[in-house]
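Participant: Have a look at this fold, sequence not included:
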């Protein structure tokens, strides 16, 4: 098998990368149940919201029919609370029979038939976070079960287990997943259990075992929560960013866009900064009831292109002034070896008006070139040719974003 | 003059109420510049946003033409930063000549010609908060100037002065305003300078001198800020609510609706709870660029009716469970002496889904009657007849609100 051949190759050159499964070469994009639908199992009280095969079939239908798949969102992912409380007589995981009467394999088939991929949730410990069976004593069996069901993505959580045994255990699961022969994107949660305790995770090990990993606490439906996540990621970016790249990503958790807690401007801001951070773009929203303006944010091709840039470089917070955070991310195209940049201006201001900030590209370490600067969200704003000393003015709305793209312009340089 | 006659009447019965100016019998409704436009004086950098006669003329036009005046919003109010840095040769306040070339009187005339009323800002101290001339040594002169200009509402701030002399000084200004003979709604800021220091203001004195008073810090464009304000008001409601009523109101500050920081659901929530608190409804938003959905919230007649209820009772937070706050406010109609109630269910949840809370009217102290319960925002939900023991279910969105109205139904009672 190709994967095993690759593994052999790496072993022979003395570099073990258990994971090199050829997956997640750009940040994964998809839909996941947790943020919006949590662990709702009472289908009488919540007929449209409970964790059931109907919910995921509905979402797959919407993903395929409403442009999300076309925009790049390909995974439909179950989170916690899908399983029976007990394993079957063969110790295999089984879905709750009332909520998933057709079985998980049939659901995966339904999703695959729509051109989508299928994700599931497990937990490394004795129980999942919501108290369903965990995989600790069944790693290989569960990997095989999921592969047989047609799983393409595993979110592997870390409740009910000592965090100290996680690095080794998660690596073991990585091997078992690879052993199934099925390409399965592997999302690990172990840093999310270490970092909040003040333990710096081993990101070398993570990037060797996992395609992505949740670094920090779960996201919740509030801007305050988004900013607290951004604050942690930017404080730790020098430690985290080097480990992001094709095949392995830091994951600040799901997109809240289209739910209840973010304004339109805050939604654009999450989309922009998640894209600059090369974060997985995992929606978690009721796609059956989407306001057009939020759908447009989620499907914005130019923003997604920044997120999905093939170089896979995680952008960083590079400057803060006047309560505006400047984030930059090197992206393609390269011109004469110099990359283009996505530039996000994120406002931490709440003082009423769209603040007119000024800056130079030089302040953002874009020193060498003339650049053509375009506004990614506001297409009617004309591109400008600027050099690194030109003072640039931008109006940034309170808790909003301005997203720019700077492309080195050799022609302009040559004309100087 | 009628007002002086009233004053004489009260003096003769030995009860001094300096304020009884017949104004603000329901919470004032209008538009004020500060939250959205702050102290922008650079009209070159911010041509559409700077504090200038053009801005207020634009807003008056929109108030009159776009349904706000018809919905009840009648005051167009300047906040800080309108004045010249120096008084004129007669010690009179004068507007900045570049930004208000026609003068304040002409602006007031423009606003009055559209059927609206005109508000201005002053400060009891030596300077306004933004450093413009204060009124400390010119109370009577400034009251006269404002009356001559056609001012209908004064927001009187409290920067640059010892808070200890405020109660007496604000009362003196109340008298000077009344002495002008012009009906001027008088908004006092002194509690906002005492309460954050831990000093409990004298609300008896406030309600005798002022039509409304800012109790707490300025509002900013974020839901976190709204909830912190609500938290303070609910903690202090037993001290504050008794002083609200026709002619005198607690003021939790402006509505953020239509700006950048609140989601649609959070905007409905602010509108609903401000209405239940009998708070002044003072918009501060660029009315030239309003999304329809936010305009509909601001102009919702049924919510405004709750706010403007003639009994003028300030509603209270009465119960919290499952992170849902239950607010109630007695309103008209009364049936057999028993009031109706507005009931606001405000979610402090951020966990993804519209939580299905259950409660009884009995838990909210609506004990005596059968009530007809209607959903104020969702007109398509059919009214229900419920008694105080019936379990009522409502789905409340994260950081959102459900607003109900319960009207005593004597007929239904008689039929039992």
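Facilitator: Cool, got the structure. These numbers were taken from a predicted model, which means no experiment stands behind them.
Participant: what's the distance between residue A:121 and residue A:95?
Facilitator: In this structure, residue A:121 and residue A:95 are 12 Å apart, going by CB to CB, to the nearest Å. Bear in mind the C-beta positions are built from the backbone N, C-alpha and C, glycine included.
Participant: Which helix or which strand is home to residue A:110?
Facilitator: Secondary structure assignment for residue A:110, by DSSP states H and E: helix A:104-113.
Participant: on contacts alone, who are the packing partners of that helix?
Facilitator: Using 3 or more CB pairs under 8 Å, 6 or more residues apart in numbering or on different chains; DSSP states H and E as the contact criterion, the elements in contact with helix A:104-113 are helix A:53-65, strand A:117-123, helix A:139-149.
Participant: what sits up against the helix or strand following the longest one?
Facilitator: It stands for helix A:53-65. Sequence-wise, the next helix or strand downstream of helix A:53-65 (DSSP H and E) is helix A:68-71. With contacts defined as CB atoms under 8 Å, 6 or more residues apart in numbering or on different chains, helix A:68-71 is touched by A:29, A:31, A:62-63, A:114-116, A:283, A:287, A:298-299, A:301, A:304.
Participant: Could you list the contact residues of the stretch 301-416 of chain A toward chain B?
Facilitator: A:350, A:351, A:352, A:353, A:354, A:356, A:397, A:398, A:399, A:400 (CB under 8 Å from any CB of the partner chain).
Participant: Of those residues, keep whichever come out buried.
Facilitator: Among these, those scoring as buried are A:350, A:351, A:352, A:353, A:354, A:397, A:398, A:399, A:400 (criterion: 16 or more other CB atoms under 10 Å in any protein chain shown).
Participant: Which residues are in contact with the second one?
Facilitator: Shown in contact with residue A:351 (CB under 8 Å, 6+ apart): A:398, B:38, B:220, B:221.
Participant: and those as a markdown table, adding secondary structure and pLDDT?
Facilitator: As requested, those are arranged in a markdown table below (DSSP: H, G, I helix; E, B strand; the rest coil; pLDDT from 0 to 100):
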| residue | secondary structure | pLDDT |
| --- | --- | --- |
| A:398 | coil | 98 |
| B:38 | coil | 98 |
| B:220 | coil | 98 |
| B:221 | coil | 98 |
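Participant: Now distance to residue A:73 too, for those residues, in TSV please.
Facilitator: Formatted as TSV, the entries for the contacts of residue A:351 read as follows, by distance: CB to CB, whole Å:
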residue	distance to residue A:73
A:398	29
B:38	39
B:220	35
B:221	31
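Participant: Return a selection command, for use in ChimeraX, containing the buried ones of the contacts of helix A:68-71.
Facilitator: If you want just the buried ones from the contacts of helix A:68-71 in ChimeraX, going by 16+ other CB under 10 Å, the selection is:
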select /A:29,31,62,63,116,283,287,298,299,304
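Participant: Looking at the contacts of helix A:68-71, which one is closest to residue B:135?
Facilitator: Distances from residue B:135 to the contacts of helix A:68-71, taken as CB to CB, are shortest for residue A:298 (52.2 Å).
Participant: Per-residue pLDDT of the closest one, please?
Facilitator: Residue A:298 is assigned 98 on the pLDDT scale.
Participant: Between strand A:117-123 and the helix holding residue A:110, find me the angle.
Facilitator: Between the axis of helix A:104-113 and that of strand A:117-123 there is an angle of 140 degrees, by axes from the mean of the first three to the mean of the last three CA atoms, to 10 degrees.
Participant: check contacts around residue A:27.
Facilitator: The neighbours of residue A:27, taking CB under 8 Å, 6+ apart as the test, are A:212, A:249, A:278, A:279, A:280, A:281, A:307, A:308, A:312.
Participant: Give me the buried subset of those.
Facilitator: By 16+ other CB under 10 Å, the contacts of residue A:27 give A:212, A:249, A:278, A:279, A:280, A:281, A:307, A:308, A:312 as buried.
Participant: got the contact list for the fourth one?
Facilitator: Read that as residue A:279. Residues near residue A:279 by CB under 8 Å, 6+ apart: A:27, A:249, A:250, A:251, A:252, A:307.
Participant: hmm, 6 Å instead?
Facilitator: Taking CB atoms under 6 Å, 6 or more residues apart in numbering or on different chains as the definition of contact, the neighbours of residue A:279 are residue A:252.
Participant: so it, which of the three states?
Facilitator: coil (DSSP: H, G, I helix; E, B strand; the rest coil).
Participant: can you map out the helices along the stretch 301-416 of chain A?
Facilitator: Taking DSSP state H, counting those that start in this stretch, the helices of the stretch 301-416 of chain A run over residues A:301-307, A:410-415.
Participant: which of those has the lowest average pLDDT?
Facilitator: For these, the bottom mean pLDDT is recorded on helix A:410-415, which sits at a mean of 56.
Participant: any low-confidence regions in the stretch 151-300 of chain A?
Facilitator: Low-confidence regions of the stretch 151-300 of chain A, defined by pLDDT under 70, are absent; no residue qualifies.
Participant: Enumerate the strands of it by residue range, in sequence order.
Facilitator: Applying DSSP state E, counting those that start in this stretch to the stretch 151-300 of chain A gives strands spanning A:153-157, A:185-188, A:212-214, A:249-251, A:281-283.
Participant: Of these, which is nearest chain B?
Facilitator: strand A:281-283 (12.6 Å; CB to the nearest CB).
Participant: Please name every helix or strand in contact with the closest one.
Facilitator: Using 3 or more CB pairs under 6 Å, 6 or more residues apart in numbering or on different chains; DSSP states H and E as the contact criterion, the neighbours of strand A:281-283 among helices and strands are strand A:29-32.
Participant: In contact with the closest residue to residue A:105 other than its chain neighbours, which residues?
Facilitator: Leaving aside its sequence neighbours, residue A:105 sits nearest to residue A:149 (CB to CB, 6 or more residues apart in numbering or on different chains; 4.7 Å). The neighbours of residue A:149, taking CB under 6 Å, 6+ apart as the test, are A:104, A:105, A:108.
Participant: ok, the most centrally placed residue in chain A to residue A:31 distance?
Facilitator: Taking CA atoms, centre = their mean as the criterion, residue A:280 is the residue nearest the geometric centre of chain A, at 1.6 Å. Between residue A:280 and residue A:31 the computed distance is 11 Å (CB to CB).
Participant: How about residue A:325?
Facilitator: 28 Å.
Participant: repeat for residue A:162
Facilitator: Distance of residue A:162 to residue A:31, computed by CB to CB: 32 Å.
Participant: With residue A:328 instead?
Facilitator: With distances defined as CB to CB, the gap from residue A:328 to residue A:31 amounts to 29 Å.
Participant: got it, and residue A:116?
Facilitator: Summarising the geometry, the distance separating residue A:116 from residue A:31, computed by CB to CB, is 9 Å.
Participant: before we move on, the earlier item: ok, of the contacts of helix A:68-71, which one's closest to chain B?
Facilitator: Each of the contacts of helix A:68-71 was scored against chain B by CB to the nearest CB, and residue A:283 proved nearest at 12.6 Å.
Participant: for that closest one, which residues make a bridge with it?
Facilitator: Using DSSP bridges, the bridge partners assigned to residue A:283 are residue A:31, residue A:255.
Participant: ok, it to residue A:67 distance?
Facilitator: For residue A:283, the distance to residue A:67 under the criterion CB to CB works out to 12 Å.
Participant: now residue A:308
Facilitator: Between residue A:308 and residue A:67 the computed distance is 16 Å (CB to CB).
Participant: again, but for residue A:354
Facilitator: With the distance defined as CB to CB, residue A:354 ends up 30 Å from residue A:67.
Participant: Likewise for residue A:99?
Facilitator: Between residue A:99 and residue A:67 the distance, using CB to CB, works out to 28 Å.
Participant: can you check residue A:151 too?
Facilitator: Applying CB to CB, the value for residue A:151 to residue A:67 is 25 Å.
Participant: Settle it for me: which of the two has more neighbours?
Facilitator: Neighbour comparison, residue A:151 and residue A:67: the larger count goes to residue A:151, with 26 against 14 (by other CB atoms under 10 Å in any protein chain shown).
Participant: how about the nearest residue to the more buried one once chain neighbours are set aside, what does it touch?
Facilitator: Take residue A:151 and drop its neighbours on the chain: the residue closest to it by CB to CB, 6+ apart is residue A:120, 4.9 Å away. Contact partners of residue A:120, counting by CB under 6 Å, 6+ apart, are A:78, A:146, A:151.
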